[in-house]
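Peer 1: here is my input, please return the structure:
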Amino acid sequence: LSKSNGLLQSVLKVAAYTNRSTIHIDILQKLLGMDGTLLHIDELCTVMDQAVVQGLFQNSMGSQEYSFVHDRIQQAALQLVPEGRQRDQYKYSMGHRLLKLARIGHRLHSSDPANNNNSNGGKKGHQDASVSNGSDGTGRLHDANKKTRNDSSWLWYAAVDHFNATQHTMNHDPFFITRLNLQVGEKASYLGAYETASTYLQNSMMNLMKLNDPWKNHYGLTLRLYRTIAQVEFCQGHFEIGNGIANKVLAHGREFEDKLPTYLSLTSALGREEAHEDALQLNRKVLIQLGSYPQRFLLPRVARDLAFVKRYFSKHSHDQILQLPRMKNKTHEQEMGLLNELSTQAVYCDDMIHFLVAMLRMVRLTIKHGHSSFSAIAFAKYSMFLGNVNSQKMAIEIGKLTERTLAERPCKTTEAISIFGVTHWVDAWNTTHEQTLNSYKRAHKIGMRVGDIDSAFVNSFGAIHHAHGCGYPLIPLE
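Peer 2: Just a heads-up that it's a prediction; the model follows:
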C-alpha cells in the first residue's frame with residue numbers, strides 16, 4: 001500500500017479511519033473534500049474501481065458502497081499514518097470531519113428522546129460542534145454491512161471514538177468530550193445497547209470530573225449525565241449502582257421537576273426487582289407531591305373520572321380525539337410516565353382502585369393537554385378495563401382508537417406494550433387467531449428494535465400463551 005500513488009493512499013486512509021469495513025462513495029467524497037482532496041464523483045469512482053481491480057476493495061454491480069476485501073487490508077491502511085503524534089492528529093482531524101459531516105449532510109430523524117435534553121452551559125464553538133441527537137431507532141451500532149448513506153448514526157460513534165482515543169494527547173476541552181460522550185451514550189441507550197452506552201457514559205463522567213464544580217457551573221449537563229447513567233445501570237440490573245447515582249440526582253436536583261425522570265427510573269427498577277408494592281407507594285408519593293394524585297377519597301374520584309371519560313368518548317369521534325394537539329408541557333409528559341408506571345404496578349399488586357385512578361388520570365390529561373407518548377397506552381388500558389367489565393363493544397372501539405393513535409401519532413418507546421394491551425385483552429377475543437399472533441409478533445419486533453426488551457418479551461410470551469391455549473402444535477426448530 002505504501003507504494004501506491006498519493007491519491008489512492010489518501011482514499012485508503014480516509015476509508016480505514018471511518019472505523020468501518022464498508023463506506024458509501026458519497027460519504028467518502030465529502031470526507032476527502034474536507035481534507036482538501038477535491039474530486040468529482042466520477043473521478044473518485046474511477047479510483048475506487050481501480051482499487052477493486054487491485055484486490056483492495058470489493059463492490060457489487062450497481063452499488064455505490066465499497067468494502068475492504070479483508071480486514072488485514074484495512075489494518076494495513078491504518079498503518080499508512082505514522083504512529084505517534086501524527087496519527088493522533090489524523091484521528092483528531094477525522095473526528096471533526098465525521099462530526100461535521102454527520103451534522104450538515106446526514107442528519108438523522110428527530111425521534112430520539114435525547115433531542116429534547118438540553119444542557120445549560122458550554123463554550124462557544126463546542127456547542128456548535130456537538131452531536132445532533134436523532135435516531136431512526138432501527139440501526140445496530142457499527143453494523144457496517146447494513147448501513148446506507150441515509151442511515152448515518154455510525155458517524156457519531158466513529159467521530160466520538162476518535163476523540164476519545166486522542167483525548168490524552170490532543171488536549172481536548174473536558175466539556176466538549178463530556179457532552180459528546182453523553183449524547184452518544186444516550187443514543188446507544190435509546191437503541192437498547194446498554195453495555196455500549198455505559199462505556200460512553202463512564203468516559204463522559206470521567207471528563208465531567210475534570211470540570212470545576214459541575215453541579216454548580218454545568219447543572220443541566222451534569223443532571224442529564226447522572227440521570228442517564230442511573231437509567232442505564234438499572235436497565236443492566238445493577239440496582240445498587242443505579243440507586244447510588246439516582247440518590248445523587250435527588251440530592252442535587254434544584255427543582256422537583258428535575259427529579260421526576262429519576263423517580264420514574266427508580267420505580268421501574270423496583271418493579272424489575274418485583275418489589276411492586278414499594279414501587280407503587282414511591283410512585284404514589286411522588287405524584288401526590290406533584291399535586292397529581294389524591295391522598296384519600298379514591299372511590300369518589302374514580303366514579304367521577306369514569307363518568308367524565310365515558311361521557312367524553314360517547315360524544316367525540318375518533319377523528320376529533322386524534323385532532324387533539326401534541327402535549328407540550330414536559331412536566332405533564334413526565335406525569336403521564338409516572339401514572340403509567342403506577343397503573344402497571346397496581347396490576348401486579350391486584351389493586352384495581354389505584355389502577356383506575358392512575359389510568360383515568362392519564363386519559364383526562366390527554367383530553368385536557370393533548371396527546372403525549374403515553375396517550376396510546378392510556379387508551380389501551382382503558383380498553384382493557386372495559387373488556388374486564390363486559391363492555392365489549394366499547395372496548396373494541398377504544399382498541400381501534402388505540403391502534404389509530406399508534407398509527408397517526410407514533411411513539412416507538414410505548415408502541416410495543418400498547419399493542420400488547422389491546423391484543424391480549426380485546427383483540428384476542430374478537431379477531432382470528434392468526435391476526436392475534438401476528439399482532440404479538442409485530443409488537444415483539446418493535447420492542448426489540450427500539451430497545452424495549454421487557455415489552456418485547458411480554459409480547460413473545462403472549463404469542464406463545466395464545467398459541468398454546470388455541471391448541472397450536474409446536475413447530476420443530478430447524
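
Peer 1: show me where pLDDT drops low in the stretch 101-250 of the chain?
Peer 2: For the stretch 101-250 of the chain, applying pLDDT under 70 flags the ranges 105-152.

Peer 1: show me the helices in it, by range?
Peer 2: 153-165, 174-190, 194-208, 214-217, 219-235, 239-252 (DSSP state H, counting those that start in this stretch).

Peer 1: of all those, which one is nearest Gln334?
Peer 2: helix 219-235 (11.6 Å; CB to CB). The way it works is simple: take the backbone N, C-alpha and C, and place the C-beta from them, glycine included.

Peer 1: quick one: buried residues of the closest one?
Peer 2: By neighbour count on 16 or more other CB atoms under 10 Å, the buried set for helix 219-235 is 219, 221-235.

Peer 1: could you save the helices of the stretch 101-250 of the chain as a markdown table and add columns showing distance to Val52?
Peer 2: A markdown table is the format used below for the helices of the stretch 101-250 of the chain (distance: least, CB to CB, whole Å):
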| stretch | distance to Val52 |
| --- | --- |
| helix 153-165 | 22 |
| helix 174-190 | 33 |
| helix 194-208 | 32 |
| helix 214-217 | 50 |
| helix 219-235 | 42 |
| helix 239-252 | 49 |
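
Peer 1: indicate which one of the ones you listed is closest to Glu415.
Peer 2: helix 174-190 (14.0 Å).

Peer 1: and the strands in this protein?
Peer 2: Under the criterion DSSP state E, the chain contains strands at 22-24, 57-58, 65-68.

Peer 1: distance check, Glu403 against Phe355.
Peer 2: Counting by CB to CB, to the nearest Å, the gap from Glu403 to Phe355 is 22 Å.

Peer 1: which one of these two is surrounded by more residues?
Peer 2: Neighbour totals were compared for Glu403 and Phe355, and Phe355 leads with 23 against 20 (other CB atoms under 10 Å).

Peer 1: distance of the closest residue to Thr405 other than its chain neighbours relative to Gly399?
Peer 2: Leaving aside its sequence neighbours, Thr405 sits nearest to Ala376 (CB to CB, 6 or more residues apart in numbering; 4.3 Å). Applying CB to CB, the value for Ala376 to Gly399 is 11 Å.

Peer 1: between these two, which is the more surrounded one?
Peer 2: Legend: neighbour count by other CB under 10 Å for Ala376 and Gly399, higher for Ala376 (29 against 25).

Peer 1: ok, for Leu437, nearest residue in space, not its chain neighbours?
Peer 2: Nearest residue to Leu437, sequence neighbours excluded (CB to CB, 6+ apart): Ala463, at 5.4 Å.

Peer 1: that neighbour reaches Lys441, doesn't it?
Peer 2: Yes - Ala463 is within contact range of Lys441, at 6.0 Å (criterion: CB atoms under 8 Å).

Peer 1: gap between stretch 165-180 and the chain center?
Peer 2: Offset of stretch 165-180 from its chain centre (CA atoms, centre = their mean, to the nearest Å): 25 Å.

Peer 1: next, the buried residues of it.
Peer 2: 165-167, 170, 172-180.

Peer 1: of those residues, which is the nearest to Gly291?
Peer 2: Arg179 (33.8 Å).

Peer 1: hmm, Gly95 is touching Thr166, no?
Peer 2: Yes - Gly95 is within contact range of Thr166, at 7.4 Å (criterion: CB under 8 Å).

Peer 1: and stretch 442-453, what's buried?
Peer 2: Ala443, His444, Ile446, Gly447, Met448, Arg449, Val450, Gly451, Asp452.

Peer 1: before we move on, what about stretch 241-261?
Peer 2: Buried, per 16+ other CB under 10 Å, within stretch 241-261: 241-243, 245-246, 248-249, 252-253, 258-261.

Peer 1: of Ala463 and Lys441, give the one with the bigger neighbour count.
Peer 2: Neighbours of Ala463 and Lys441, each counted by other CB under 10 Å, are more numerous for Ala463; the result is 20 against 14.

Peer 1: need the contact list for the closest residue to Ala456 other than its chain neighbours.
Peer 2: Leaving aside its chain neighbours, Ala456 sits nearest to Gly447 (3.0 Å; criterion: CB to CB, 6+ apart). Gly447 is in contact with Ala416, Ile417, Ile453, Asp454, Ser455, Ala456, Phe457, Val458, Asn459, counting by CB atoms under 8 Å, 6 or more residues apart in numbering.

Peer 1: show the pLDDT at Gly447.
Peer 2: Turning to Gly447, the model gives it a pLDDT of 87.

Peer 1: what of Thr436?
Peer 2: 90.

Peer 1: gap between it and Ile41?
Peer 2: 50 Å.

Peer 1: who has more neighbours out of those two?
Peer 2: Per other CB under 10 Å, whichever of Thr436 and Ile41 has more neighbours is Thr436, with 21 against 12.

Peer 1: got the contact list for that one?
Peer 2: Here Thr436 is in contact with Thr423, Asp427, Ala428, His466 (CB under 8 Å, 6+ apart).

Peer 1: Glu403 too?
Peer 2: Contacts of Glu403 by CB under 8 Å, 6+ apart are Ile419, Val422.

Peer 1: what about it, distance to Leu322?
Peer 2: 11 Å.

Peer 1: since we're on Glu65, how many residues are nearby?
Peer 2: 20.

Peer 1: bridging residues for it?
Peer 2: Glu65 has these beta-bridge partners by DSSP bridges: His24.

Peer 1: can you pull the pLDDT of it?
Peer 2: 90.

Peer 1: correct me, but it touches Arg20?
Peer 2: No - counting by CB under 8 Å, Glu65 stays clear of Arg20, with 10.2 Å between them.

Peer 1: list the contacts for Phe374?
Peer 2: Phe374 neighbours (CB under 8 Å, 6+ apart): Glu333, Met336, Gly337, Leu339, Asn340, Met362, Cys411, Thr414.
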